[in-house]
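*Asks:* requesting a structural model of the entry that follows:
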Amino acid sequence: MTDITPIYMSTSENLTNRREFFKTTGKYAAATALVGLTIPYVHAAGTETVQMALIGCGGRGTGATANALATSGQGPIKLVAMADVFQSKLDGSYSTLNRQYATQVEVPEDRRFIGFDGFKKAIDCLRAGDIAIFATPPVFRWVHFKYAIEKGVHVFMEKPISVDAPTGRRMIELGKEAEKKNLKIGVGLMVRHCRGRMALKKKIEEGAIGDILTLRSYRMHGPQASAFSDWGMKGDQSELLFQISRFHSFLWLSGGLFNDFYIHQVDESCWMKGEWPVKCHAVGGRHYRDNNIDQNFDHYQVEYTFKDGAQFYFYGRTMIGCKDDFSSIAHGTKGMGTISLGSHHLAKAGRIYKGHTVKRSEEVWAAFPENNAPDPYAMEWVDLVDAIRNNKPYNEVERAAEASMVTTMGRYAGHTGQEITWEDYKNNEQEFAPDADKLTLNSEAPLLADANNKYPVPQPGILKNREY
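*Replies:* Residues are numbered from 1 along each chain as shown. The predicted model follows:
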């Protein structure tokens, strides 16, 4: 093995998944000092302390907030407001964060808001130049982002940032408005901030694996989060709140499991190629689903094609008892690079091989020794906070919207059974929930079950121009 050139120094061990973050998150604030990131900062909104509001208090929102609070080595930062539509989620998130970061969590009961208008109340607790964190189901991303721009606050939003083409186009336009106001906008495609993958991207651009001919990516495991649901999970909730509580199950809320889980593999692979594909076609279906009422397929295969004819093959499966695989690999004329292997954290990825198999004997370059890479979930916050404190240009919206739309294009191809071009899909008009900004706790859900308590599912070849 030769030319192992790390671009970041860290004494923290690599994390295996984001749930482990709370065990070691305090290490990352200290790690920033090793790379000169604790440079003098400018005051945010005229004060040293950056304040944050968390909108969407589930696991990802809680994790993102913990990542943010861990940047305290770059300057004072604290959480001052929270909002959700579920009291239990807000309470659980507050308890977790307050236990881990008691001195940085200042959220009294009168700054904890429940309801669809809670996001406005939480953002109203901020000053211009503070940060709003958006981690609700993605259908609400444009609603919350629009208000944040009006109030002049910086934003970190989780991916995906749209669920269909119309909301993707809307987010791009809102991103331009944010840029006019010099707002810093980060998006949770944290792989783009992974120091090892950044080094791999540079090596690929320098020709280390030659011209990329093929990319292949796999996300195969059992059902995760709320992707599969049955009617018995509803209980006494309204249909709207039931669907929100199981948001990965419904296309209008999340874009389905395809969007929310697979976007990382799609984004990182296209990033290495340096462009978005020009077309795709796909297959997918449902097996052994018994009483499941969600809208997801449990397997997908998408063939994306780039303008030079190179292809990217994506394979997704959420079925119990099948082979698991979590990887993204780029094959070139001179060798191959591993983009992901085993998880979003770097682990064995960020490596180049002279052949086309992962063999230690054929490894010619690695960004980091194994298990010694900085956590990309931490690095995306290090970069965003640095941009805010030092007034650097920082707006990830357009790229993230395009990544979201390329992902939904693959889903759309699978759900309709048609070949779809990027140019056509960008202009697609099916918007799942055009009135998302008007929902209240008493609203009827945008999607209703039939008399048998079933929701519509995609019918490839039958519904050719709509997903349901």
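
*Asks:* and residue 134, what are its bridge partners?
*Replies:* residue 55, residue 157 (DSSP bridges).

*Asks:* burial count for it?
*Replies:* 26 (other Cβ atoms under 10 Å). C-beta here means a position set from N, CA and C on the backbone, and glycine is covered the same way.

*Asks:* what sits against it?
*Replies:* 55-56, 119, 140-141, 144-145, 148, 155-158 (Cβ atoms under 8 Å, 6 or more residues apart in numbering).

*Asks:* rerun at 7 Å
*Replies:* 55-56, 141, 144-145, 155, 157-158 (Cβ atoms under 7 Å, 6 or more residues apart in numbering).

*Asks:* can I assume residue 99 sits in a strand?
*Replies:* No: per DSSP: H, G, I helix; E, B strand; the rest coil, residue 99 lies outside any strand segment and is helix.

*Asks:* contact partners for it?
*Replies:* Residue 99 touches nothing, counting by Cβ under 7 Å, 6+ apart.

*Asks:* from residue 400, how far out is it?
*Replies:* 31 Å (Cβ to Cβ, to the nearest Å).

*Asks:* show me which of the contacts of residue 134 is closest to residue 413.
*Replies:* residue 141 (22.9 Å; Cβ to Cβ).

*Asks:* three-state assignment of the closest one?
*Replies:* Three-state call for residue 141 (three-state DSSP): helix.

*Asks:* tally of neighbours for the closest residue to it other than its chain neighbours?
*Replies:* Once flanking residues are discounted, residue 141 sits nearest to residue 161: 4.8 Å by Cβ to Cβ, 6 or more residues apart in numbering. Number of residues near residue 161 (other Cβ under 10 Å) recorded here: 30.

*Asks:* quick check, pLDDT for residue 161.
*Replies:* On pLDDT, residue 161 comes in at 98.

*Asks:* which residues does it contact?
*Replies:* Per Cβ under 7 Å, 6+ apart, neighbours of residue 161: 138, 141, 171, 187, 400-401, 404.

*Asks:* swap the cut-off to 10 Å and go again
*Replies:* Neighbour list for residue 161: 134, 138, 141-142, 145, 167-168, 170-172, 174-175, 185, 187-189, 263, 396-397, 400-401, 403-405 [criterion: Cβ atoms under 10 Å, 6 or more residues apart in numbering].

*Asks:* buried ones in the longest strand along the chain?
*Replies:* Longest strand in the chain, counting residues (DSSP state E): strand 212-221. In terms of neighbour count (16 or more other Cβ atoms under 10 Å), strand 212-221 has its buried residues at 212, 215-221.

*Asks:* what's the closest of those residues to residue 413?
*Replies:* For the buried residues of strand 212-221, the nearest to residue 413 is residue 217 (15.7 Å; Cβ to Cβ).

*Asks:* surely the closest one touches residue 263?
*Replies:* No: taking contacts as Cβ atoms under 10 Å, residue 217 lies outside contact range of residue 263: 11.2 Å.

*Asks:* how does this protein divide into domains?
*Replies:* Using automatic domain parsing, the domain parsing of the chain gives 18-191+377-395, 197-372+404-438.

*Asks:* and those, which one averages the lowest pLDDT?
*Replies:* Taking the mean pLDDT of the domains of the chain, domain 18-191+377-395 comes last: a mean of 88.

*Asks:* what sits against residue 380?
*Replies:* 64, 67-68, 156, 186-194, 396.

*Asks:* now do residue 133
*Replies:* Residues near residue 133 by Cβ under 10 Å, 6+ apart: 52-57, 60-62, 64-65, 67-68, 79, 82, 122, 144, 154-158, 186, 188.

*Asks:* show me the residues you listed that map onto strands.
*Replies:* 52-55, 79, 82, 154-157, 186.

*Asks:* buried residues in the helix or strand harbouring residue 198?
*Replies:* Residue 198 is located in helix 195-205, with elements delineated by DSSP states H and E. Neighbour-count burial for helix 195-205, counted by 16+ other Cβ under 10 Å, picks out 195-201, 203-204.

*Asks:* could you do stretch 284-298 as well?
*Replies:* Buried-residue list, stretch 284-298, by 16+ other Cβ under 10 Å: 284, 292-298.

*Asks:* what about stretch 122-130, distance to the chain center?
*Replies:* In terms of Cα atoms, centre = their mean, to the nearest Å, the centre of stretch 122-130 is found 23 Å from the chain centre.

*Asks:* now do the contacts for residue 108.
*Replies:* 80-81.

*Asks:* quick one: it and residue 162, what's the gap?
*Replies:* On the measure of Cβ to Cβ, residue 108 and residue 162 end up 34 Å apart.

*Asks:* nearest the geometric middle of the chain, what residue?
*Replies:* Residue closest to the mean C-alpha point of the chain, counted by Cα atoms, centre = their mean, is residue 159 at 2.9 Å.

*Asks:* residues contacting it?
*Replies:* Residues near residue 159 by Cβ under 10 Å, 6+ apart: 60, 138, 141, 187-190, 259-260, 263-264, 267, 396, 400, 403-404, 407.

*Asks:* about what we covered before: and which of the ones in strands among the contacts of residue 133 is nearest to residue 423?
*Replies:* residue 157 (26.3 Å).

*Asks:* re earlier: tilt between the helix holding residue 198 and strand 212-221?
*Replies:* 150 degrees (axes from the mean of the first three to the mean of the last three Cα atoms, to 10 degrees).

*Asks:* going forward, begin numbering at 27 instead of 1
*Replies:* Right, with 27 as the first residue, what we last looked at is helix 221-231.

*Asks:* who does helix 221-231 touch, helix- and strand-wise?
*Replies:* Under the contact criterion of 3 or more Cβ pairs under 10 Å, 6 or more residues apart in numbering; DSSP states H and E, helix 221-231 touches helix 282-299, strand 351-358, strand 361-367, strand 377-379, strand 389-392, helix 402-416.

*Asks:* let's see 6 Å
*Replies:* Judged by 3 or more Cβ pairs under 6 Å, 6 or more residues apart in numbering; DSSP states H and E, helix 221-231 is in contact with no other helix or strand.

*Asks:* kindly export that helix (C-alpha atoms) in PDB.
*Replies:* Extracted as PDB, the C-alpha positions of helix 221-231 are listed here (Å, rounded to 0.1, in the frame of the first residue of the first chain):
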ATOM      1  CA  ARG A 221     -12.600  14.300   4.500                       C
ATOM      2  CA  GLY A 222     -11.800  10.800   3.100                       C
ATOM      3  CA  ARG A 223     -14.300  11.000   0.300                       C
ATOM      4  CA  MET A 224     -13.100  14.500  -0.500                       C
ATOM      5  CA  ALA A 225      -9.600  13.100  -0.900                       C
ATOM      6  CA  LEU A 226     -10.900  10.200  -3.100                       C
ATOM      7  CA  LYS A 227     -12.800  12.700  -5.300                       C
ATOM      8  CA  LYS A 228      -9.600  14.700  -5.800                       C
ATOM      9  CA  LYS A 229      -7.700  11.500  -6.700                       C
ATOM     10  CA  ILE A 230     -10.400  10.500  -9.200                       C
ATOM     11  CA  GLU A 231     -10.200  14.000 -10.800                       C
END
